[in-house]
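Visitor: With the input below, show me the fold.
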Amino acid sequence: MTNRRLLLVHAHPDDEASSTGATMVHYARQGVAVTLVTCTRGELGEIVAADLAGLQEDGPDGLARLRERELADALGVLGVHHHHWLGGAGRWRDSGMAGAPSNDAPEAFVNAESGEAVRALVGVLRAERPHVVITYDGNGGYGHPDHIQAHRVTMAALDPAADAAYEPELGRPWQVPKTYWSAIPRAVLQQIVDAGVAPSLDDLPAGTPDEEITAAVDGREHLDVKIAALRAHRSQVDLDNGLFAAVTDVPEFAVEHYVLGRGQRGAGSGPHGWEDDLFAGIEG
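Guide: Numbering: from 1, shown residues only. You can find the predicted model right below:
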């Protein structure tokens, strides 16, 4: 198909690079129109760069402003030039990790009024008209409240976006052909444990059974770009110590996996019939 368009919905700055960065640059360099939607500015992220620790004295908004700049730098590295803050920058705030008192804040994204958040995303979907949408699974990958909410809002926006009777002032209706959820196969997590990066599978997210994965984008040729995009998020990502330092040494870190959440599965290969192109089977 021609004029392919891809849209990703992520919760915070840096999520796009860590879980889908290779996919974004893979398609951007093919001429696909890639758009990112970010739901919060990540006000409550943990600062890992020692020289930025002083930002904590400025409160959440100081970190949010920095993360806006970091995201802009990361998108420049990835070659992605279309970006939306859901509802506008700062409309919803980082909810913090599951169980934190910040989950109860009325402005937290996890407490976003469903109708308003869905309406905001419908406007973006109708404006950008993507053939493929990527977001998280129902558990948000690892249970973060904002990731789970991003999944809920994305999935809830798909039908209204295609319904001509819903908010016609938002633009012409648009039916998204395929929607994917980012995933990590359990076999990959086992490889991480076997390599000594993590003590056991209990120390990692649950992962997805390999047979439930439906697509894998091989971005190994773009590993250096994915790492550079992560490095732009230096307030949040330490590439010299810990898990990221270990996994970025492995080319397979740039192979990104997905489960088809909605739409018609295209032709695949291998023992589980994984697609190698997220646009497989879409006519146009």
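
Visitor: Not counting its neighbours along the chain, what's nearest Gln175?
Guide: Ala162 (4.1 Å; Cβ to Cβ, 6 or more residues apart in numbering). All C-beta atoms are positioned from the backbone trio N, CA, C, and that covers glycine.

Visitor: From Thr179, how far out is the one you found?
Guide: 12 Å (Cβ to Cβ, to the nearest Å).

Visitor: Of those two, which one has the most company?
Guide: Of the pair Ala162 and Thr179, Thr179 is the one with more neighbours under other Cβ atoms under 10 Å, namely 21 against 15.

Visitor: looking at this, that one is in a strand?
Guide: Yes - checked against DSSP: H, G, I helix; E, B strand; the rest coil, Thr179 lies within a strand.

Visitor: The chain should start at 32 in everything you say after this.
Guide: New numbering, starting at 32: the last item is Thr210.

Visitor: In which helix or strand does Gly76 reside?
Guide: Using DSSP states H and E, Gly76 is not contained in any helix or strand.

Visitor: where exactly do the helices run in the stretch 182-315 of the chain?
Guide: Counting by DSSP state H, counting those that start in this stretch, the stretch 182-315 of the chain has helices at residues 217-225, 254-263, 273-278.

Visitor: Need the contact partners of stretch 294-301.
Guide: 207-210, 245-246, 305-308, 310-313 (Cβ atoms under 8 Å, 6 or more residues apart in numbering).

Visitor: in that stretch, what counts as buried?
Guide: Across stretch 294-301, burial judged by 16 or more other Cβ atoms under 10 Å covers Gly294, Gly297, Gly299.

Visitor: Just the CA trace of that stretch, in CSV.
Guide: Output of stretch 294-301 as CSV, limited to C-alpha atoms (Å, rounded to 0.1, in the frame of the first residue of the first chain):
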residue,chain,number,x,y,z
GLY,A,294,-8.0,-6.1,12.8
GLN,A,295,-7.2,-8.7,10.3
ARG,A,296,-3.9,-10.6,10.7
GLY,A,297,-1.6,-10.6,7.6
ALA,A,298,0.6,-13.3,6.3
GLY,A,299,3.5,-14.4,8.6
SER,A,300,6.3,-16.9,8.8
GLY,A,301,8.1,-19.0,11.3
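
Visitor: Off-centre distance for that stretch?
Guide: On the basis of Cα atoms, centre = their mean, to the nearest Å, stretch 294-301 sits 22 Å off its chain's mean C-alpha point.

Visitor: Can I get the buried residues of stretch 294-301 in CSV including distance to Cys70 and pLDDT?
Guide: Listed next are the buried residues of stretch 294-301 as CSV, based on distance: Cβ to Cβ, whole Å; pLDDT from 0 to 100:
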residue, distance to Cys70, pLDDT
Gly294, 22, 98
Gly297, 28, 95
Gly299, 30, 90
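
Visitor: Which member of those is positioned nearest Leu232?
Guide: Gly299 (26.3 Å; Cβ to Cβ).

Visitor: Buried subset of the contacts of stretch 294-301, written for ChimeraX?
Guide: A single ChimeraX command selects the buried members of these (16+ other Cβ under 10 Å):
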select :207,208,209,210,245,246,305,306,308,310,311,312,313
